[in-house]
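S.K.: predicted model follows, preceded by the sequence.
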Protein chains: 2
Amino acid sequence: MGDGHMGVEAEASTINDHGSSDDHRNEVDIYPLSCYYFGSKEAIAFKDETLYDRINRMKSNYAAYGLRTSVEAVILVELFKHPHLLLLQVRNSIFKLPGGRLRPGESDTDGLRRKLSRKLSANEDGNETEWEVGECLGMWWRHDFETLLYPYLPPDVKKPKECTKLFLVRLPESRKFIVPKNLKLLAVPLCEVHENHKTYGPIISGVPQLLSKFSINIIDT
Amino acid sequence: MGDGHMGVEAEASTINDHGSSDDHRNEVDIYPLSCYYFGSKEAIAFKDETLYDRINRMKSNYAAYGLRTSVEAVILVELFKHPHLLLLQVRNSIFKLPGGRLRPGESDTDGLRRKLSRKLSANEDGNETEWEVGECLGMWWRHDFETLLYPYLPPDVKKPKECTKLFLVRLPESRKFIVPKNLKLLAVPLCEVHENHKTYGPIISGVPQLLSKFSINIIDT
């Protein structure tokens, strides 16, 4: 075990308990970035569209399939004794959590495994079960096509247009990440993303809060 | 059942599942504000001190007892079909979640029940078990006496000075709230506190995110 959060948790636990029987679920083991191999593969297609096009596409998709649901992964590694969040960067600008839109009828877990394999693994179709999709950390709603995302639904919004669900994905001790050439995979420290709306947007900048209930154990390998 | 979040969840569930076996823990039933009775009792003492005094008090308490741990409750009621968060207002200015500091050796749950009885119930000593303290939603750390609170611990902080833990407290269908005269109990809509750092501070303004993974069921009584 490393001496990151663990030392503090051990100290705190001498005078406290969490008061519940499910403490084991509130732990995340993280491994050094150096445990992982990073390679690249063929670029994947992105829709190159204006905001106007995007809204029109969302409208026609909503008419055809109803609520659009996206699933995104919160994946942590250790670097400089601090938890880092894995983010994908598109065109050197937008940061995104790895994930994407569900197919009609697809479960959250199956969809997230499929998206993670597509964006982070060598083999798109196989190995999907190797991703350990854990608990849902939060959900954000788009109340209407033109509005931003919010972590709640007001009473007058009967038909939200989009839901984005965040899931904790625990990594094994080793893994090959194979990333499409037109995406950049970055490890960003939690202290850098916290409340940094301007750079990372509302969802990513809130991830440190969503993770704050977990004891993050840095594993020395 | 009301038609708040439920209708949407029902719609969403036709095309999704949460992919986990513990969905029942991701639900919160909330009751109309009109289900509750509100009264007042004797004022409780507050320390009227400068920031300088406060820091000195924290330092001497840290020397005597070590890490200071506070526990706070996230309590919801329904009003206008939208979840409202119960907040205490001190001196018409600062907003606080109900809760407070643990005694040395006291568990989170016992301490939170004691504090809730002191600030929200008629009888300070009895009835403490009537508060259903649920899961931990988040933790905030004060890295040093003079710093703000953050939802993580950087590696160089081996001895944080303060930890604030947030717990979900589910209310029964009816309850008497008896509040000290010098505190005001308010029900504030989630949409009002979300990202409203300026008025509510970093902890309260992040509560809607911490609650976003829950299905909030509005119960018509």
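M.R.: That came through, no problem. Numbers count the residues shown, from 1 in each chain, chains lettered A, B, ... in the order given.
S.K.: what about whichever helix in chain A runs longest, distance to the chain center?
M.R.: Criterion DSSP state H: the longest helix present in chain A is helix A:51-65. How far helix A:51-65 lies from its chain's middle: 24 Å, per CA atoms, centre = their mean, to the nearest Å.
S.K.: contact partners of the helix or strand following that helix?
M.R.: The element immediately downstream of helix A:51-65 (helix or strand, assigned by DSSP states H and E) is strand A:68-74. The contact list for strand A:68-74 (CB atoms under 8 Å, 6 or more residues apart in numbering or on different chains) reads A:58, A:61-62, A:85-86, A:96-102, A:108, A:111-112, A:115-116, A:131, A:133, A:137, A:161-169, A:203, A:207, A:210-211, B:12, B:15-16. Every C-beta, even on glycine, is put in place using the N, C-alpha and C of the backbone.
S.K.: with stretch A:26-34 instead?
M.R.: In contact with stretch A:26-34 (CB under 8 Å, 6+ apart) are residues A:18, A:76-79, A:83-84, A:168, A:170-171, A:173-174, A:187, A:211, A:213-221, B:136.
S.K.: just the ones of those residues in strands?
M.R.: Mapping the contacts of stretch A:26-34 onto strands (DSSP state E) picks out A:76-79, A:83-84, A:168, A:170, A:187, A:215-218, B:136.
S.K.: check which helices and strands the longest helix of chain A sits against.
M.R.: Under the contact criterion of 3 or more CB pairs under 8 Å, 6 or more residues apart in numbering or on different chains; DSSP states H and E, helix A:51-65 touches strand A:68-74.
S.K.: for the longest helix of chain A, C-alpha coordinates in PDB please.
M.R.: Only the C-alpha atoms of helix A:51-65 are listed here, as PDB (Å, rounded to 0.1, in the frame of the first residue of the first chain):
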ATOM      1  CA  LEU A  51     -24.300  23.500 -33.100                       C
ATOM      2  CA  TYR A  52     -27.300  24.100 -35.300                       C
ATOM      3  CA  ASP A  53     -26.700  20.700 -37.100                       C
ATOM      4  CA  ARG A  54     -26.200  19.000 -33.700                       C
ATOM      5  CA  ILE A  55     -29.500  20.300 -32.300                       C
ATOM      6  CA  ASN A  56     -31.300  19.200 -35.500                       C
ATOM      7  CA  ARG A  57     -29.800  15.800 -35.300                       C
ATOM      8  CA  MET A  58     -30.800  15.500 -31.600                       C
ATOM      9  CA  LYS A  59     -34.300  16.500 -32.500                       C
ATOM     10  CA  SER A  60     -34.700  13.900 -35.200                       C
ATOM     11  CA  ASN A  61     -33.100  11.200 -33.000                       C
ATOM     12  CA  TYR A  62     -35.400  12.100 -30.200                       C
ATOM     13  CA  ALA A  63     -38.400  11.800 -32.500                       C
ATOM     14  CA  ALA A  64     -37.200   8.300 -33.600                       C
ATOM     15  CA  TYR A  65     -35.800   6.800 -30.400                       C
END
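S.K.: just the buried positions in it, please.
M.R.: Neighbour-count burial for helix A:51-65, with 16 or more other CB atoms under 10 Å in any protein chain shown as criterion, is recorded at A:58, A:62.
S.K.: which residue ranges form the helices in chain A?
M.R.: Using DSSP H, helices in chain A cover A:5-13, A:51-65, A:108-120, A:190-193, A:197-205, A:207-211.
S.K.: among those helices, which is the most enclosed?
M.R.: The highest average neighbour count among these, using mean count of other CB atoms under 10 Å in any protein chain shown, belongs to helix A:207-211 at a mean of 24.
S.K.: mind putting the helices of chain A into TSV with mean pLDDT?
M.R.: Below are the helices of chain A laid out as TSV (pLDDT from 0 to 100):
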stretch	mean pLDDT
helix A:5-13	36
helix A:51-65	90
helix A:108-120	95
helix A:190-193	95
helix A:197-205	94
helix A:207-211	97
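S.K.: now do the residue lying closest to A:Arg170 once chain neighbours are set aside against A:Leu116, distance only.
M.R.: With CB to CB, 6 or more residues apart in numbering or on different chains as the criterion, A:Arg170 has its nearest non-adjacent residue at 5.0 Å, and that residue is A:Glu132. A:Glu132 sits at a distance of 10 Å from A:Leu116 (criterion: CB to CB, to the nearest Å).
S.K.: sorry, back to before: so which of the helices of chain A comes closest to B:His197?
M.R.: Judged by CB to CB, the one of the helices of chain A that comes nearest to B:His197 is helix A:197-205, at 10.6 Å.
S.K.: what about that closest one, near chain B?
M.R.: Yes. Against chain B, helix A:197-205 shows contacts by CB under 8 Å from any CB of the partner chain at A:Pro202.
S.K.: which helices and strands sit right next to that helix?
M.R.: So helix A:197-205, by 3+ CB pairs under 8 Å, 6+ apart, packs with strand A:82-90, strand A:94-96, helix A:190-193.
S.K.: show the contacting residues for A:Pro180.
M.R.: Contacts of A:Pro180 by CB under 8 Å, 6+ apart are A:40-44, A:119.
S.K.: 10 Å instead?
M.R.: By CB atoms under 10 Å, 6 or more residues apart in numbering or on different chains, the contact set of A:Pro180 is A:40-46, A:88, A:118-120.
S.K.: per-residue confidence at it?
M.R.: With respect to pLDDT, A:Pro180 scores 94.
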